[in-house]
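In: Coordinates for the following, if possible.
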Amino acid sequence: MTTAFVTAADIETARDRIAARIRRTPLEPSPSLSALCGVPVALKCEHHQITGAFKLRGATNAVLSLPPEALARGVVTVSTGNHGRAIAHAAKAEGARAVVCMSRLVPMNKRDAIAALGAETRIAGRSQDEAEVEAERLARDDGLTLIPPFDAPEVVAGQGTLGLEIALAQPDLAVLLVPLSGGGLAAGVAAAVKARCPAVRVIGVSMERGAAMAASLAAGRPVAVEEQPTLADSLGGGIGMANRLTFAMCRALLDDVVLLTEAEISAGIRHAYSNEREIVEGAGAVGIAALLAGKVTPDGPTVAILSGRNIDMGLHRRVLDGADGLEEAVA
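Out: Predicted structure coming up:
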């Protein structure tokens, strides 16, 4: 598989490889958002995935792509939570050791879920970049295989299988809203969808606080951005100054990027629960939030990806009670 660009053929190969290990998630119409936008809007319910987030696709493809001798030594990764949980699940299914490095910004409920799957957890630093240093040390010193959270062709291809499902279910798709962080999901989904729906507009959605890929795309090169606490914690972290894949793919394939305030993300979480009867984390709510805030004006059939549900339920209750942003929710 090329390290320059993941293709539709790569994604189809990944689909066949992981089909028995992941859940094909539903695409559900949203009457409330359709009425608001004046066009059909549907929600890709990837938060119903086995580990509660899309990350299982890329993690499973990466683990299943390893040779037996690498699996025998074990794997290590760095994560803001959901990728680590996915790696823990995929490695456990193969009987392999897994070590997940995280920063202190990762919510405790996500750390606990990773440990519950039998993975070893290491907390290092206050950013994903600092945790990555520990993951690289473990790979070097212990002989573990490092599986990046986004900037690897096997991971991108696995995430792209989500886009393939969307394109097959909604061939007249006009607008796709995809959460944007390190770019693994956005790059893979955009590659899959645009191969089958070439006229679609793919819009990356992130938070205003520490959106590294958005800042990098604006600068025309990978840049370092301070990681900040946010309701969309899964979208935190840098893209890597030596990014070799997702930056180029996002630059080529995304038609626009929009950024949301913490209050707008809160509104997305509340709408998902009150109107769609869905529990989603902040990162999973950004597509809904962008539509509610009027930051995207769709001109045809639209899909928003609900990418994850792994929110602390106490935090979720406080947001439902009216907290507008992380500071209010934890005050």
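In: Just the buried positions in whatever helix or strand residue 155 lives in, please.
Out: Assigned by DSSP states H and E, residue 155 belongs to helix 153-169. The neighbour-count check on helix 153-169 (16 or more other Cβ atoms under 10 Å) flags 153-167 as buried. (Each C-beta comes from the backbone N, C-alpha and C, glycine too.)
In: ok, so of those residues, who is nearest residue 222?
Out: Closest approach to residue 222 among the buried residues of helix 153-169 (Cβ to Cβ): residue 156, at 16.0 Å.
In: Okay, the closest one and residue 182: tell me how far apart.
Out: 10 Å (Cβ to Cβ, to the nearest Å).
In: Quickly list what's touching both of those two.
Out: Taking Cβ atoms under 8 Å, 6 or more residues apart in numbering as the contact rule, residue 156 and residue 182 both touch 150, 246.
In: Report the secondary structure state of residue 319.
Out: At residue 319 the chain is in helix, as set by DSSP: H, G, I helix; E, B strand; the rest coil.
In: confidence score at it?
Out: The confidence metric pLDDT takes the value 97 at residue 319.
In: isn't it right next to residue 270, touching?
Out: Yes - judged on Cβ atoms under 8 Å, residue 319 makes contact with residue 270 at a distance of 6.4 Å.
In: Neighbour count for those two, which is higher?
Out: Comparing residue 319 with residue 270 by neighbour count (other Cβ atoms under 10 Å), the higher total belongs to residue 319, at 25 against 21.
In: Check whether residue 242 sits in a helix, strand or coil.
Out: coil.
In: Repeat that for residue 238.
Out: Assigned by three-state DSSP, the conformation of residue 238 is coil.
In: how about it, what does it touch?
Out: 127-129, 182, 212, 222, 224-225, 227.
In: Next, it: phi, psi?
Out: Note on residue 238: backbone dihedrals following degrees, to the nearest 10 are phi -80, psi 180.
In: mind checking pLDDT for it?
Out: 93.
In: any idea how far residue 81 is from residue 67?
Out: Distance from residue 67 to residue 81, by Cβ to Cβ: 28 Å.
In: what about these two, which has more around it?
Out: The neighbour comparison of residue 67 against residue 81 (other Cβ under 10 Å) goes to residue 81, with 28 against 8.
In: Which helix or which strand is home to the closest residue to that one other than its chain neighbours?
Out: The shortest distance from residue 81 to any non-neighbouring residue, by Cβ to Cβ, 6 or more residues apart in numbering, is to residue 110 (3.2 Å). Assessed by DSSP H and E, residue 110 sits inside helix 108-116.
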